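>>> pasting the sequence and the predicted model now:
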Amino acid sequence: MTETSSIAIHDEGPIRIVTFRRPAAMNAWDRAMRLTLVEAMAEADADPAVDALVVTGEGERAFGAGQDLREAGPRDAAEADAWVDEWDRLFSGLRAVGKPTICALNGVAAGSHFQFALLADARIGHAGVRMGQPEIKSGVASSMGPWAIATFMGPLAAQDLALSGRMMDAAECERRGLLRVVPREEVLSASIALATDLAARPKLAFRLTKARLRDLTEASFREVFPVWKRFMRETIAAREAGA
């Protein structure tokens, strides 16, 4: 097993498992976690001994609560651009993985963790899981959230979730086709089983098909980041103006 202050990496046979390790912060992202995860995803994709990737969280409360708002954010336009570029590498890194990617949801998936989960090939969780886009409640204007929800759930769902900030319970997530619900103690094993099943498909065909699915949304995905940078700049300017 490989461990850092923010994630742990170990293999169950040919299945690579990455675990977020900030349970006291509900596994909220900090910069170290994001950068380490980008490297871990690229390494898993390049390693011929790895057939699939499963991502989960430590503890029983959360898969991830989104960005840790206690971490200092960008202070000016240049820092805002660099900040968004790091998120680009995170989300693009997940989309670039040509092997099966499964999110094993051990608890809440909120904000950017919800978005991350939507970009995976599948999600498995338990009856206590909640998923949603609460960023607006914290005064955060989201560019990635509306895109991910509209792309994978439809524009009306994006309007509902992004503007209200409400969280969906597991039953609603399952009805919407976002989540397969299993008993809490089976979430990781079921995710490994699904990853193993998908990895049994012919590898070249699987990778090429994933690439084609990615291509279908790539143009609109690339539009997310300039908008995100504009939102960040406007937010910083408003803060400086005392708005």
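Structure's in. What do you need?
>>> just name the shakiest helix or strand of the chain by mean pLDDT.
The weakest-scoring helix or strand in the chain, judged by mean pLDDT, DSSP states H and E, is strand 2-3 (a mean of 67).
>>> strand partners of the next helix or strand after that one, parallel vs antiparallel please.
Sequence order places strand 7-12 as the next helix or strand after strand 2-3, per DSSP states H and E. For strand 7-12, the paired strands and their directions (DSSP bridges) are strand 2-3 (antiparallel), strand 15-20 (antiparallel).
>>> possible to save these as CSV with distance to residue 170 and mean neighbour count?
No exception for glycine: its C-beta is placed from N, CA and C like everyone else's. Shown next, in CSV, are the strands paired with strand 7-12 (distance: least, C-beta to C-beta, whole Å; neighbours: other C-beta atoms under 10 Å):
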stretch, distance to residue 170, mean neighbour count
strand 2-3, 29, 12
strand 15-20, 19, 23
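>>> the ones you listed: lowest mean pLDDT?
When the strands paired with strand 7-12 are compared on mean pLDDT, strand 2-3 scores lowest, with a mean of 67.
>>> determine the three-state secondary structure at residue 72.
Secondary structure, DSSP: H, G, I helix; E, B strand; the rest coil: residue 72 is coil.
>>> mean confidence score for the longest helix seen in the chain?
Longest helix in the chain by number of residues (criterion: DSSP state H): helix 203-240. Across helix 203-240, pLDDT averages out at 95.
>>> show me what that helix is packed against.
For helix 203-240, the packing partners by 3 or more C-beta pairs under 8 Å, 6 or more residues apart in numbering; DSSP states H and E come out as helix 77-96, helix 144-153.
>>> list the buried ones in that helix?
206, 210, 214, 221, 224-225, 227-229, 231-233, 235-236 (16 or more other C-beta atoms under 10 Å).
>>> now find how far off-centre it is within its chain.
Its chain's average C-alpha position is 13 Å from that of helix 203-240, according to C-alpha atoms, centre = their mean, to the nearest Å.
>>> what does stretch 32-39 give?
12 Å.
>>> just the CA coordinates for it, please, in CSV.
Only the C-alpha atoms of stretch 32-39 are listed here, as CSV (Å, rounded to 0.1, in the frame of the first residue of the first chain):
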residue,chain,number,x,y,z
ALA,A,32,-2.3,18.0,-2.0
MET,A,33,-5.2,15.6,-2.5
ARG,A,34,-6.1,16.9,-5.9
LEU,A,35,-2.5,16.8,-7.2
THR,A,36,-1.8,13.4,-5.8
LEU,A,37,-5.0,12.0,-7.3
VAL,A,38,-4.1,13.3,-10.8
GLU,A,39,-0.8,11.4,-10.5
